[in-house]
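Asker: Only the shape, not the letters, is given here:
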């Protein structure tokens, strides 16, 4: 189920726009996992991702009065996506480098299985492929929501995930 | 069969890892070893990915605590203050001009009368600024360009007008500039907020570029030692043309000798507050000589 279909009523969105503490707390609990997976996927480093998680929710809090509609996941995801790209640009990375040579994902702390192919697999993907794979396969967002976050068309995103599946099948 | 395989790949492509398999796809999966293998590989890989990038409850509550303090502790105080102030005015139409005046006064007080671009020090500390002793108990001290600051005790925060911020705890003599800290001596723990990424810390022997978040620094005329507590930094010893990256848990020490500076790369394993999972047993110190590591 898409994160957009979480059971939020219009009162909840009104409370969010008023920057109500309880509503914001509920928002954080509902979406901090998704935002963290975006930040760790883009920045590669878990400590930087935790810092970014905090900064993203500060930005979200200040932007809440301007939030319109009820599709909260793509809106949050877009803020997280843009914040991470800004962080990468700040350390002098060009947009082309960011896309084609993403930060290496530092996941080794959790992986105890020496035969694990995850780091190699993830580091062989471009930044967009990695982000799309995480948003689709881990967070379960729809292609429409991922398109809103990444600014790419649904067709492009579907092709990317198909490419990754063919790669897994050994057909790449 | 090929058509069914394609249908199965399309089904996989539309669903997240761990989703319940539809009955028709399950029948195909029982019959097709190639799709079974693909499915099992996908589930294993994305299952690992999910568990490795999942935010633990402990980390979530840690971030939440800091976040709520940042957003609501200040807001509630400020909101209460303004509410009480406005209630004391009988005529509501005075609210807007009053608010404008209050904002201007608050801005002036916040900046200590400083202009944007200047560096502001705050925190509970004793500092010396160009020989003047200042007790900075949450009062803000505005620095002029290239002023030497000695943190004698306590903790200070360095703010730039664009809100970049650095926390320093300990004893340290330094000159803060927009983009770098020039450290002459002392020992302190320095925490960089994410917006400070790319900042330079320079000592007479060592140049450090901040990638991660927290380091401990010890500097004297003959030694510059830097321990990475959280995140990572890039370092360079210009006199030797050497550079590298240091992760959390590692330490770079540069000593000055008669034959020039020499570098020791340590694994820092006794740091009590380090978040690094690379920690080994307390009291053990390993040292790198050339390409080999040995116990000290």
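Answerer: Nice, thanks for sending it over. Owing to the predicted nature of the structure, the values given are computational and were not obtained by experimental measurement. Numbering: from 1, shown residues only, chains lettered A, B, ... in the order given.
Asker: who's in contact with residue B:191?
Answerer: B:166, B:167, B:168, B:169, B:213, B:214, B:230 (C-beta atoms under 8 Å, 6 or more residues apart in numbering or on different chains). C-beta: built from backbone N, CA, C; applies to glycine.
Asker: Including pLDDT, could those residues go into TSV?
Answerer: Converted to TSV, the contacts of residue B:191 look like this (pLDDT from 0 to 100):
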residue	pLDDT
B:166	83
B:167	83
B:168	86
B:169	83
B:213	66
B:214	78
B:230	78
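Asker: Give me the buried entries from those residues.
Answerer: The neighbour-count test (16 or more other C-beta atoms under 10 Å in any protein chain shown) marks B:166, B:167, B:168, B:169, B:213, B:214, B:230 as buried among the contacts of residue B:191.
Asker: Show me the two of those that sit farthest apart.
Answerer: B:168 and B:230 (14.9 Å; C-beta to C-beta).
Asker: what about residue A:76, distance to residue B:192?
Answerer: 25 Å (C-beta to C-beta, to the nearest Å).
Asker: ignore the last one, residue B:124
Answerer: On the measure of C-beta to C-beta, residue B:124 and residue B:192 end up 20 Å apart.
Asker: if you skip the residues just before and after it, what's nearest to the most centrally placed residue in chain A?
Answerer: Nearest residue to the geometric centre of chain A (C-alpha atoms, centre = their mean): residue A:38, 2.5 Å. With C-beta to C-beta, 6 or more residues apart in numbering or on different chains as the measure, residue A:80 is the residue that lies nearest to residue A:38, at 4.4 Å, once sequence neighbours are left out.
Asker: tell me the secondary structure for the residue in the stretch 1-150 of chain B that chain A sits nearest to?
Answerer: Closest contact between the stretch 1-150 of chain B and chain A, by C-beta to the nearest C-beta, is at residue B:16 (3.5 Å). Recorded secondary structure, residue B:16: coil (DSSP: H, G, I helix; E, B strand; the rest coil).
Asker: Report the distance from stretch A:46-54 to the chain centre.
Answerer: With C-alpha atoms, centre = their mean, to the nearest Å as the basis, stretch A:46-54 stands 12 Å off its chain's centre.
Asker: Would you mind listing the outside residues contacting it?
Answerer: Under C-beta under 8 Å, 6+ apart, the answer for stretch A:46-54 is A:32, A:35-36, A:39-40, A:43, A:80, A:83-84, A:87, A:106, A:109, B:55, B:59, B:63, B:66-67, B:70, B:193-194, B:197, B:211-213, B:230-231, B:248, B:275.
Asker: Residue B:5: how many residues sit nearby?
Answerer: Residues near residue B:5, counting by other C-beta atoms under 10 Å in any protein chain shown, number 15.
Asker: nope, residue A:87 is what I meant
Answerer: Count around residue A:87 with other C-beta under 10 Å applied: 23.
Asker: Please enumerate the strands of chain A.
Answerer: Remark: no strands are assigned in chain A by DSSP state E.
Asker: in it, what residue is nearest chain B?
Answerer: For chain A, C-beta to the nearest C-beta, closest residue to chain B: residue A:140, 3.5 Å.
Asker: OK, contacts around the residue nearest to that residue when sequence neighbours are not counted?
Answerer: Ranked by C-beta to C-beta, 6+ apart and with sequence neighbours excluded, the top spatial neighbour of residue A:140 is residue B:16, at 3.5 Å. Residues near residue B:16 by C-beta under 8 Å, 6+ apart: A:136, A:137, A:138, A:139, A:140.
Asker: Please report how far residue B:16 lies from residue B:149.
Answerer: Taken as C-beta to C-beta, the span from residue B:16 to residue B:149 is 52 Å.
Asker: do residue B:122 as well
Answerer: 13 Å.
Asker: Same check on residue A:87?
Answerer: Taken as C-beta to C-beta, the span from residue A:87 to residue B:149 is 28 Å.
Asker: Hmm, residue B:194 is touching residue A:84, no?
Answerer: No - the pair residue B:194 / residue A:84 is not scored as a contact, 10.3 Å apart, by C-beta atoms under 8 Å.
Asker: quick one, which of the two is more surrounded?
Answerer: Using other C-beta under 10 Å as the criterion, residue B:194 and residue A:84 rank with residue A:84 on top: 27 against 24.
Asker: and the more buried one, what does it touch?
Answerer: Contacts of residue A:84 by C-beta under 8 Å, 6+ apart are A:38, A:39, A:42, A:43, A:52.
Asker: Serialize these to JSON lines and add fields for pLDDT.
Answerer: JSON lines is the format used below for those (pLDDT from 0 to 100):
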{"residue": "A:38", "pLDDT": "92"}
{"residue": "A:39", "pLDDT": "92"}
{"residue": "A:42", "pLDDT": "87"}
{"residue": "A:43", "pLDDT": "87"}
{"residue": "A:52", "pLDDT": "92"}
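Asker: Of the residues you listed, which is the nearest to residue B:12?
Answerer: residue A:38 (22.1 Å).
Asker: Please verify my assumption that the closest one contacts residue A:135.
Answerer: Yes - Residue A:38 is in contact with residue A:135 according to C-beta under 8 Å; the separation is 7.1 Å.
Asker: which neighbours do these two share?
Answerer: By C-beta under 8 Å, 6+ apart, the residues touching both residue A:38 and residue A:135 are A:77, A:149.
Asker: Which parts of chain A are helices?
Answerer: For chain A, applying DSSP state H gives helices covering A:10-17, A:21-43, A:46-63, A:72-90, A:95-100, A:118-123, A:127-133, A:143-150, A:154-169.
Asker: Can you give the distance of the fourth one from its chain's centre?
Answerer: Read that as helix A:72-90. 8 Å.
Asker: do the second one as well
Answerer: On the basis of C-alpha atoms, centre = their mean, helix A:21-43 is displaced by 9 Å from the centre of the chain it belongs to.
Asker: need the contact list for residue B:9.
Answerer: Residue B:9 makes contacts with A:162, A:165, A:166, A:169, B:35, B:38, as judged by C-beta under 8 Å, 6+ apart.
Asker: Helix or strand for it, just tell me which one.
Answerer: Here residue B:9 sits within helix B:2-14, counting by DSSP states H and E.
Asker: and the angle from that helix to helix A:154-169?
Answerer: Using axes from the mean of the first three to the mean of the last three C-alpha atoms, to 10 degrees, the direction of helix B:2-14 lies 110 degrees away from that of helix A:154-169.
Asker: which of the residues in the next helix or strand after helix B:2-14 are buried?
Answerer: Using DSSP H and E, the helix or strand that directly follows helix B:2-14 along the chain is helix B:23-31. By neighbour count with 16+ other C-beta under 10 Å, helix B:23-31 contains the buried residues B:25, B:28, B:29.
Asker: Go through the helix or strand following helix B:23-31 and flag the buried ones.
Answerer: Using DSSP H and E, the helix or strand that follows helix B:23-31 in sequence is helix B:33-52. Residues B:35, B:38, B:39, B:41, B:42, B:45, B:46, B:48, B:49, B:50, B:52 are the ones in helix B:33-52 that count as buried (16+ other C-beta under 10 Å).
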